[in-house]
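1. quick one, what's the 3D model for this:
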Amino acid sequence: MTLNATGERMIVEEYSSSIEDYVIYLMHIASYRWVADYVRGKRVLDFGCGSGYGAAEMASHAVSVDAIDVSQEAVDHAQANFAKPNLRFASFDPEKLLPFADGSFDVVTSFQVIEHVADFDLYVAEAKRVLAPGGQFIVITPDRAYRLFAWQKPWNRWHVDEFSARGLETLLARHFGEVDMMAMSGDAALCQPELDRCRKLKWITSPFTLAIYPQALRVGLLNLIHGLKGRSAGGPKREFPLDASQVTIGHNLQPSLNLVAVAK
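-> Purely as a prediction, here's the structure:
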């Protein structure tokens, strides 16, 4: 089946028509390569699997991967395209507890997901509940420091909120005893297209993303803008002189394109 390209869900074939989209693609690919050592030989829950390519990558290293998403459409696409013997896809209701027993997993991954959820504490609490003693909750999410003005709500219409490093660490520390905060960055050739893209978007959308706006109004205004301009992804495939090796994850890296947290 073909999954509808919303511009937010990561569909690999949709991210090669512009350098901005290709950088986003490389950051996703690098995330799953980096996490391989964490999931090797482990029972893994991919908490928000999207189109499923990342869960399939982790299944190459893990004992088992359960990959879940709120979208049945995404789950059907993942099952059709990325099925493996040790990989299970399923949808779930975000307003209910996860359909797994306490301590079912050694690692829970959340890559580009937590910014979408309505109840951050419930989401994190459920990740903790299904982790076995000594388990790890690994989160990657956009760093609002370079994407937004201090007063600004997300210009990404799919994001409920975006985190600063301090904000994400504070949230995770309410549930976990140890939180190791890192950043995703890269060389200038990789980072500059993303920095330029976000700088432009935060200025263009600033009248529509004021902190005083209710969520529904902000989303409605952003939907209107997107409806007028359309989406560039999905155009003719192009080649770019960049690869995932140019993405780095570590402590105190600048510019910080994504926050990376390992909670224990």
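2. let me see the backbone angles for residue 254.
-> phi -140, psi 140 (degrees, to the nearest 10).
3. show me the contacts for the closest residue to it other than its chain neighbours.
-> For residue 254, ignoring the flanking residues on the chain, the nearest one in space by C-beta to C-beta, 6 or more residues apart in numbering is residue 185 at 6.4 Å. Every C-beta, even on glycine, is put in place using the N, C-alpha and C of the backbone. Contacts for residue 185 (C-beta atoms under 8 Å, 6 or more residues apart in numbering) come out as 191, 247-250, 253-257.
4. any idea what residue 185 is bridged to?
-> When bridges are called by DSSP bridges, residue 185 pairs up with residue 248.
5. from residue 248, how far off is it?
-> Distance, residue 185 to residue 248, by C-beta to C-beta, to the nearest Å: 5 Å.
6. one more: residue 90?
-> Distance from residue 90 to residue 248, by C-beta to C-beta: 33 Å.
7. let me see the ranges of the helices in the stretch 1-150 of the chain.
-> For the stretch 1-150 of the chain, applying DSSP state H, counting those that start in this stretch gives helices covering 19-34, 36-39, 53-59, 72-82, 120-129, 144-147.
8. scratch that, the stretch 151-264 of the chain
-> Counting by DSSP H, counting those that start in this stretch, the helices of the stretch 151-264 of the chain are 165-173, 188-204, 215-229.
9. of all the ones you listed, which one comes closest to residue 263?
-> helix 165-173 (4.5 Å; C-beta to C-beta).
10. got the buried residues for that closest one?
-> For helix 165-173, the neighbour count (16 or more other C-beta atoms under 10 Å) marks 165, 168-169, 171-172 as buried.
11. with stretch 101-110 instead?
-> Of the residues in stretch 101-110, those buried by neighbour count under the rule 16+ other C-beta under 10 Å are 104-110.
12. now stretch 115-133
-> Result for stretch 115-133 [16+ other C-beta under 10 Å]: buried residues 115-117, 120, 123-124, 126-131.
13. with respect to residue 83, which of these is nearest?
-> residue 130 (22.8 Å).
14. next one, pLDDT for the nearest residue to residue 129 once chain neighbours are set aside please.
-> Distance criterion C-beta to C-beta, 6+ apart; nearest residue to residue 129, sequence neighbours excluded, is residue 102 at 5.6 Å. With respect to pLDDT, residue 102 scores 98.
15. list phi and psi for residue 102.
-> Torsion angles, degrees, to the nearest 10, at residue 102: phi -60, psi 140.
16. CA atoms only for the lowest-mean-pLDDT helix or strand in the chain, dumped as PDB, please.
-> Within the chain, confidence by mean pLDDT, DSSP states H and E is lowest for helix 215-229 among all helices and strands, at a mean of 86. Taking C-alpha atoms only, helix 215-229 is exported to PDB below (Å, rounded to 0.1, in the frame of the first residue of the first chain):
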ATOM      1  CA  GLN A 215      -4.200  25.300  19.800                       C
ATOM      2  CA  ALA A 216      -7.100  25.000  17.400                       C
ATOM      3  CA  LEU A 217      -6.600  28.500  16.000                       C
ATOM      4  CA  ARG A 218      -2.900  28.000  15.500                       C
ATOM      5  CA  VAL A 219      -3.400  24.700  13.700                       C
ATOM      6  CA  GLY A 220      -6.200  26.100  11.600                       C
ATOM      7  CA  LEU A 221      -4.100  29.100  10.400                       C
ATOM      8  CA  LEU A 222      -1.100  26.900   9.600                       C
ATOM      9  CA  ASN A 223      -3.400  24.400   7.700                       C
ATOM     10  CA  LEU A 224      -4.600  27.400   5.700                       C
ATOM     11  CA  ILE A 225      -1.000  28.400   4.800                       C
ATOM     12  CA  HIS A 226       0.000  24.900   3.900                       C
ATOM     13  CA  GLY A 227      -3.200  24.500   1.700                       C
ATOM     14  CA  LEU A 228      -2.200  27.700  -0.200                       C
ATOM     15  CA  LYS A 229       1.500  26.800  -0.800                       C
END
